[in-house]
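> Provided below for reference: sequence and predicted model.
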Amino acid sequence: MDDKNYIAKRVAQELNDGDVVNLGIGLPTLVANYIPQEYEITLQSENGFLGMGPAAEEGKEDPCLVNAGGMHVTINPGGVFFDSADSFLIIRGGHVDATVLGALEVDEKGNLANWMIPGKMVPGMGGAMDLVTGAKKVIVAMNHTARGNHKILKECTLPLTAVNAVDLIVTEMGVMEVTDKGILLTEINPKYSVEDVQNATGATLIVPEDLKEMEPQD
Amino acid sequence: MDDKNYIAKRVAQELNDGDVVNLGIGLPTLVANYIPQEYEITLQSENGFLGMGPAAEEGKEDPCLVNAGGMHVTINPGGVFFDSADSFLIIRGGHVDATVLGALEVDEKGNLANWMIPGKMVPGMGGAMDLVTGAKKVIVAMNHTARGNHKILKECTLPLTAVNAVDLIVTEMGVMEVTDKGILLTEINPKYSVEDVQNATGATLIVPEDLKEMEPQD
Amino acid sequence: MKKVVSIKEAVDMIEDGMSIMIGGFLGCKNPFKLVDALVEKGVKDITLIANDSSFPDVGIGKLIVNKQVKKLIASHVGTNKETGRQMNSGEMEVELVPQGTLAERIRAAGAGLGGVLTPTGLGTIVAEGKDIIEVDGKEYLLEKPLKADVALIVGARVDKKGNVRYTKATRNFNPLMATAADLVIVEADEIVEVGDLDPDDVMTPGIFVDYIVGGSE
Amino acid sequence: MKKVVSIKEAVDMIEDGMSIMIGGFLGCKNPFKLVDALVEKGVKDITLIANDSSFPDVGIGKLIVNKQVKKLIASHVGTNKETGRQMNSGEMEVELVPQGTLAERIRAAGAGLGGVLTPTGLGTIVAEGKDIIEVDGKEYLLEKPLKADVALIVGARVDKKGNVRYTKATRNFNPLMATAADLVIVEADEIVEVGDLDPDDVMTPGIFVDYIVGGSE
């Protein structure tokens, strides 16, 4: 299993039956593939609906039904469409149980940067700032490093998306909780040693005695 | 024609084709009877719809369709139902062209009191405060005096509904504009002299040279 | 997740001292069965949030007459004389809120906003003790969000996921209240299967609704 | 009152330098015919308010490519490289607004509210130069209402009074923008007779709509 799917699979375990979840574009979208069949999870799409289903089959795309990334998707029975004000009432108002999104940088205060690299890439924040501010649980799902550079830092260097917002970080190396005392490594991919993970991290990890192993990445 | 209908008929002349209008309970409701047939006026009911039609015929009342006074009414073709937030978006947002409502007191600053008599009658303001704040034109339709007591004053004595909100006052005695300089009597019921109207008014009226006569009250 | 419960199961979740929002406008219409069950159970010391206190013998008016309400937050109480009597005697606290402000305060709570900046009420006793915020030279009253422990709403067609469609003038405060309470119970005229409501036709998404009770059928 | 007009009549009302809100989300969907007519007419120095700048060859993306936009207010511009280029070169001013804040600022303008108190953006560059208001010990950013000279929206079924019903994910910013502009023009997939839409099914009341143009039929 490649890193992306390994991460997505582990993130899916964080979701609870009945949750309302918003999945970001890219890797986070893969999380949907690993939600247990028996769970009733409602996916929110911030452009204006609940009950998002899988991608539309080729030839069956509906031009009036895309997700927040512009991809043609479907809606499940019991889904609901609404406008952007209602969509962000849901998001900002704390009615989304979990949001999963990528990051350029995360730091030990739970600060998150994922919307711009000054002078280089300024796509805009879209719905991300509202999502990480409003969702009950903010899960960052990403590769541990970017071409060898640390992404998990003592302090973010890029413009922030939100302050003190991240609850959990899931990478191909491990699972980390953001706590008042710093970043707590709760699970580790057995492929890596604690030292490996620490070396790939720009903040000092807190390593508990009962550090658990993630499922092997085969 | 009794005073109430005489007032209502005159108020109706203030409305323009295409206007969105909110009529208060009581006398203001009668205004609907005098709107020219060829006019397309949309009545707003603050409990949640546009396109209010006449009262429901006996035996045809719909328990799910009442106006803001709890009376069974109808909705015209092209009418729309919505929730209370949208209803007051329309009202507060300046999308109502005119609101017609009664008053306990009005003063020469355009201040209005119509929602409570301390210790005696405190029905609550309902939607009145929003209506007089948000509507483009606020028309007070009422009897000129209350059992001989002045209702049009130099300064309101009762708790206010809104400050500097009233544009026009229509009574059985005349039509008055609230201006920066005070209350301008623009039309007079030919039954009364200017002295009569002034005596019935607790503020000094500005009487223009070209004071017009209202239609006779027959 | 079983959302459809009996009236008794629903009312068992509601305890003395709770704040309860109840949809409706002059009894058009309250969740009558739930309200009657609250009257029967005798839940007391309620903080009741509603547009009005209805009529003495209709819907939530009965909660007032039955002295179950400690505090009422409403825009209009003139149609229920008992409200006025208890207010004047000091038996019940009454906070009168302009109707549009009431709607927007509830929405703000549901939407995670810090408050409402409204021109309504400026220069009146409604403004007393409240902050005034100036924006681009114009003054606005800062009105705070309003939430509750429970919201009891009433829908015309409700599917088993809790998606609600209202009818005609009964929509009023219901969709707003559904967003602003910890526990939301909808009384349904008709309970339908998931998929029976077109996703464009739903007015309150089921994620806001915790329980459904059958109503007038 | 004749509300149905031709695309040409509609676009004739739009002049250089106006602020224009345009509904849609990544081109799903803009009022394509109106936008194409704006491109053809070459209206310039537009302040464009929209969720995003679409793709270079889709809907409002073309207005950017055609250099008709002086200032863009949007939440996301990553799908149109030309937007980034003009932003970096200084040819076009871009104000990036969090999506929920953008929606709420437009709604506030439509609703006569003085602004929006949101936690979104606190501690980020979005907060720079803006007032922070404390409510019950929590901080909120004061974001100002956003209105426009013109709103161009797109509806699925529109009756001749201008009542609009949207379909699926195309609703997005359209209903909000309809409330916040001096001139509102809706491009309709289908124009129907007054009375053809159930009053419960209308999503934007016709009082907000000044003109209707036929769309994709």
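Okay, I see it. Numbers count the residues shown, from 1 in each chain, chains lettered A, B, ... in the order given.
> how about the residue in chain A that chain B sits nearest to, secondary structure?
Here chain A gets closest to chain B at one residue, A:Ala85, 9.7 Å apart by CB to the nearest CB. Any C-beta I mention is one placed from the backbone N, CA and C, and that applies to glycine too. Here A:Ala85 is recorded as helix under DSSP: H, G, I helix; E, B strand; the rest coil.
> quick one: stretch A:19-27 to chain centroid distance?
7 Å (CA atoms, centre = their mean, to the nearest Å).
> Just the pLDDT for C:Val94.
pLDDT for C:Val94: 97.
> What number of neighbouring residues does the residue of chain A closest to chain B come out with?
By the criterion of other CB atoms under 10 Å in any protein chain shown, A:Ala85 has 25 neighbours.
> need the longest strand for chain A.
The longest strand of chain A (DSSP state E) is strand A:73-81.
> List the neighbouring strands of it plus their orientation.
In the sheet, strand A:73-81 lines up against strand A:49-55 (antiparallel) (DSSP bridges).
> Okay, buried residues for the longest strand of chain A please.
Of the residues in strand A:73-81, those buried under the neighbour-count criterion (16 or more other CB atoms under 10 Å in any protein chain shown) are A:73-76, A:78-81.
> In chain C, which helix is the longest?
The helix that spans the most residues within chain C, counting by DSSP state H, is helix C:99-111.
> which strands and helices sit next to that one?
Judged by 3 or more CB pairs under 8 Å, 6 or more residues apart in numbering or on different chains; DSSP states H and E, the packing partners of helix C:99-111 are helix A:84-92, helix B:84-92, helix B:128-134, strand C:116-118, strand C:138-143, helix C:174-177.
> Nearest approach to A:Val21 belongs to which of those?
With CB to CB as the criterion, A:Val21 lies closest to helix A:84-92 of the helices and strands packed on helix C:99-111, at 11.5 Å.
> Kindly export the closest one (C-alpha atoms) in PDB.
Extracted in PDB, the C-alpha atoms of helix A:84-92 (Å, rounded to 0.1, in the frame of the first residue of the first chain):
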ATOM      1  CA  SER A  84     -22.900  28.800   0.700                       C
ATOM      2  CA  ALA A  85     -24.200  30.600   3.800                       C
ATOM      3  CA  ASP A  86     -25.900  27.500   5.100                       C
ATOM      4  CA  SER A  87     -22.800  25.400   4.200                       C
ATOM      5  CA  PHE A  88     -20.600  27.500   6.300                       C
ATOM      6  CA  LEU A  89     -23.100  27.800   9.100                       C
ATOM      7  CA  ILE A  90     -22.700  24.000   9.200                       C
ATOM      8  CA  ILE A  91     -18.900  24.400   9.100                       C
ATOM      9  CA  ARG A  92     -18.300  27.400  11.300                       C
END
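> Can you name the element that comes right after it?
strand A:98-101 (DSSP states H and E).
> outside of the helix or strand that that following strand is followed by, which residues touch it?
For strand A:98-101, the following helix or strand on the C-terminal side (DSSP H and E) is strand A:105-107. With contact meaning CB atoms under 8 Å, 6 or more residues apart in numbering or on different chains, strand A:105-107 is reached by A:112-114, A:140, A:151-158, A:166, A:169, A:178, A:203.
> which parts of chain A sit against chain C?
Counting by CB under 8 Å from any CB of the partner chain, chain A comes close to chain C at A:17-18, A:20, A:40, A:42, A:49-51, A:75, A:77-82, A:88-90, A:92-95, A:133-134.
> Distance check, C:Val77 against chain A.
Separation of C:Val77 from chain A (CB to the nearest CB, to the nearest Å): 29 Å.
> How many neighbouring residues does that residue have?
Neighbours around C:Val77, by other CB under 10 Å: 26.
> Now do the residue in chain A sticking out farthest from the centre, the pLDDT please.
Distance from the C-alpha centroid of chain A, by CA atoms, centre = their mean, peaks at A:Gly59 (29.9 Å). Here the pLDDT value assigned to A:Gly59 is 96.
> Over to C:Met1?
60.
> Equivalent analysis for C:Ser216, please.
The model's pLDDT for C:Ser216 equals 61.
> got it, and A:Lys120?
Reported pLDDT for A:Lys120: 84.
> Also the one 4 residues further on?
For A:Gly124, the pLDDT comes out at 94.
> ok, back up a step: can you name the residues that contact the residue farthest from the centre of chain A?
Counted by CB under 8 Å, 6+ apart, A:Gly59 has zero contacts.
> Torsion angles phi and psi at the residue sitting furthest away from the middle of chain C?
Distance from the C-alpha centroid of chain C peaks at C:Gly137, with 34.4 Å (CA atoms, centre = their mean). Per-residue torsions, C:Gly137: phi 80, psi 0 (degrees, to the nearest 10).
> could you pull out the helices for chain A?
Counting by DSSP H, the helices of chain A are A:3-12, A:27-30, A:84-92, A:128-134, A:194-199.
> which one is the residue most central in space within chain A nearest to, not counting chain neighbours?
Among the residues of chain A, the one closest to the centroid is A:Val100, at 2.2 Å (CA atoms, centre = their mean). Spatial nearest neighbour of A:Val100, chain neighbours left out: A:Pro28 (4.1 Å); criterion: CB to CB, 6 or more residues apart in numbering or on different chains.
> Hmm, A:Asn114 and that neighbour touching each other?
No: contact criterion CB atoms under 8 Å: A:Pro28 and A:Asn114 do not qualify, at 11.2 Å.
> which residues are in contact with both of those two?
A:101-102.
> Kindly reformat the helices of chain A as JSON lines containing mean pLDDT.
Converted to JSON lines, the helices of chain A look like this (pLDDT from 0 to 100):
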{"stretch": "helix A:3-12", "mean pLDDT": "98"}
{"stretch": "helix A:27-30", "mean pLDDT": "96"}
{"stretch": "helix A:84-92", "mean pLDDT": "98"}
{"stretch": "helix A:128-134", "mean pLDDT": "98"}
{"stretch": "helix A:194-199", "mean pLDDT": "98"}
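> winner for burial among those?
Mean neighbours per residue, mean count of other CB atoms under 10 Å in any protein chain shown, is largest over the helices of chain A for helix A:128-134, with a mean of 29.
> Tell me the helices and strands packed up against it.
By 3+ CB pairs under 8 Å, 6+ apart, helix A:128-134 packs against helix A:84-92, strand A:98-101, helix D:99-111.
> And the contacts of that helix?
A:22, A:24, A:46, A:88, A:91-94, A:96, A:99, A:101, A:112, A:114-115, A:138, A:161-162, A:165-166, C:112, D:98-101, D:119-122, D:124, D:126.
> same deal with stretch A:201-210?
Outside stretch A:201-210, the residues within contact range by CB under 8 Å, 6+ apart are A:107-108, A:144, A:150-154, A:176, A:179, A:181-186, A:194, A:197-198.
> Enumerate the residues of chain C near chain D.
So chain C meets chain D at C:104, C:108, C:111-119, C:133, C:135-136, C:138, C:140, C:142, C:144, C:165-168, C:199-201 (CB under 8 Å from any CB).
> Narrow those residues to those that are buried.
Buried, going by 16+ other CB under 10 Å: C:104, C:108, C:111-119, C:133, C:135, C:140, C:142, C:144, C:165-168, C:199-200, out of these.
> give me the number of residues near A:Lys120?
As a measure of burial, A:Lys120 has 8 neighbours, counting by other CB under 10 Å.
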